[in-house]
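[1] Give the three-dimensional model of this entry:
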Amino acid sequence: MRIKQHLADLCTQAGKSEAIVRIACRELEAFFVGDWQAVAEAFDKPALAANDRKAKYRNPDALGTPSRELQRAIPTYQKRDGARRIAPRLVPERNRSLSFQALYRSLTTLVEP
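    Presented below is the predicted three-dimensional model:
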């Protein structure tokens, strides 16, 4: 919170008080674990979609290392390849990652008239 406030203060000092500050605190893979349906589609493994119902994944941002969770589910998982496959399939309305939701809301406010 202190870092975020410091960055917001710097934006204000630079005359950009309308800037939106978002910080990725852990791994962006939390965004992917927040939408197991997208992961299942990306890797053609329909059974992975059932992970959405597991308590462990209700708050993907609380996972220590989401990339490790993906590697457990998909032993061949690689970060760059995974991002390219999964990202286009993410559906904001079903994503359980609160950090994803915050980023998505911020971005939509920038593009909405």
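[2] contacts for stretch 2-18?
    With contact meaning CB atoms under 8 Å, 6 or more residues apart in numbering, stretch 2-18 is reached by 19, 21, 23. For every residue, glycine as well, the C-beta is placed using N, CA and C.
[3] How far off centre is it?
    The chain centre lies 23 Å from the centre of stretch 2-18; the measure is CA atoms, centre = their mean, to the nearest Å.
[4] Equivalent analysis for stretch 26-33, please.
    4 Å.
[5] Residues contacting that stretch, please?
    Here stretch 26-33 has contacts from 38-39, 51, 57, 60-61, 63-67, 69-70, 79, 82-83, 86-87, 90, 95, 97, 99-100, using CB under 8 Å, 6+ apart.
[6] for whichever helix in the chain runs longest, what is the average pLDDT?
    Longest among the helix segments of the chain by residue count, using DSSP state H, is helix 98-111. For helix 98-111, mean pLDDT is 89.
[7] Quote the end-to-end distance of stretch 34-47.
    15 Å (CA to CA, to the nearest Å).
[8] which parts of it are buried?
    Neighbour counts over stretch 34-47 (16 or more other CB atoms under 10 Å) mark 34-43 as buried.
[9] Just the contacts of stretch 26-33: which are in helices?
    Those of the contacts of stretch 26-33 lying in helices (DSSP H): 38-39, 66-67, 69-70, 79, 82-83, 86, 99-100.
[10] Now a PyMOL select for only the buried ones of those residues.
    Here is the PyMOL command that picks out the buried ones among those, judged by 16+ other CB under 10 Å:
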select buried, resi 38+39+66+67+69+70+82+86+99+100
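[11] Need the ones in helices among the contacts of stretch 26-33 in a markdown table (columns: distance to residue 107).
    Below are the ones in helices among the contacts of stretch 26-33 laid out as a markdown table (distance: CB to CB, whole Å):
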| residue | distance to residue 107 |
| --- | --- |
| 38 | 17 |
| 39 | 21 |
| 66 | 21 |
| 67 | 23 |
| 69 | 25 |
| 70 | 23 |
| 79 | 22 |
| 82 | 21 |
| 83 | 17 |
| 86 | 18 |
| 99 | 13 |
| 100 | 11 |
